[in-house]
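Undergrad: build the 3D model from these lines:
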Amino acid sequence: MKKETVLKALNDIDDGFIEEAAPKGYLPKEKPGFSWLNMRMLAGALAVVLMAVLLPNILRPADSGQPGNIQLVNPASGYPNLAEAEKVTGFPLDCPNIIQDWKASEINVIANVITEVSYADKSGQTVLYVRKAKGSDDISGDYNEYSFEKELETDGKTVTVKGSDNLCYLLIWTDQGYSYAVSAETGISLEEAAEIAADIH
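TA: Numbering: from 1, shown residues only. The predicted structure is shown next:
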């Protein structure tokens, strides 16, 4: 008889016959409730649930009308003023309290390395973000493709400006070992962009 036939015959034996033929006091082993396959499926399902819960908190859409504008949200702490934020990052950020009609509404430190000032309009809607960090990396968190990209010179700085439909949505530059980024949620003119960049140090 072939090996495969013998194995099949053994597998087809009813468990009841085995129990009847077993010696007195013999207790059959209990079958495990979960196989390794069940456990892997359960772990996979839990991973999917966790991603569904956490992903919306990792990525947030910007408030601008730019389609697909996604900004990374990093662990951030709020501070009452820029002097307190400087104690954490180790560098100052000098920017106006009011830009146009927008007032500085929040001061955050992101991951202990980026100072961010948010500006809100009269309705309380955030319309502008200003960021500063050591180094030369792009700290804007904005990776959209815009219809134009150009450079402008203002206050001795070379500022990269990105935008669409004659409005600027993103300003990026480096100055004296620091990286800067300004995100305008509703868009600003090129002249306004030059003025804003000139006022930030």
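
Undergrad: alpha carbons only for contacts and neighbour counts from here, please
TA: Noted.

Undergrad: pull the CA atoms of the longest strand along the chain into PDB?
TA: Ranked by residue count, the top strand of the chain under DSSP state E comes out as strand 178-188. Listed next in PDB are the C-alpha coordinates belonging to strand 178-188 (Å, rounded to 0.1, in the frame of the first residue of the first chain):
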ATOM      1  CA  TYR A 178      18.000  78.500   8.900                       C
ATOM      2  CA  SER A 179      15.200  77.300   6.700                       C
ATOM      3  CA  TYR A 180      11.900  79.200   6.300                       C
ATOM      4  CA  ALA A 181       8.500  78.400   4.900                       C
ATOM      5  CA  VAL A 182       5.300  80.400   4.500                       C
ATOM      6  CA  SER A 183       2.100  78.700   3.500                       C
ATOM      7  CA  ALA A 184      -0.800  80.900   2.400                       C
ATOM      8  CA  GLU A 185      -4.000  79.000   2.500                       C
ATOM      9  CA  THR A 186      -6.000  81.400   0.400                       C
ATOM     10  CA  GLY A 187      -3.100  82.700  -1.800                       C
ATOM     11  CA  ILE A 188      -1.400  86.000  -1.900                       C
END
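
Undergrad: now for it, which elements pack on it?
TA: strand 126-134, strand 167-175 (3 or more C-alpha pairs under 8 Å, 6 or more residues apart in numbering; DSSP states H and E).

Undergrad: now those strands as a markdown table including mean neighbour count, mean pLDDT and distance to K87?
TA: Output for the helices and strands packed on strand 178-188, formatted as a markdown table (neighbours: other C-alpha atoms under 10 Å; pLDDT from 0 to 100; distance: least, C-alpha to C-alpha, whole Å):
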| stretch | mean neighbour count | mean pLDDT | distance to K87 |
| --- | --- | --- | --- |
| strand 126-134 | 23 | 98 | 14 |
| strand 167-175 | 22 | 98 | 21 |
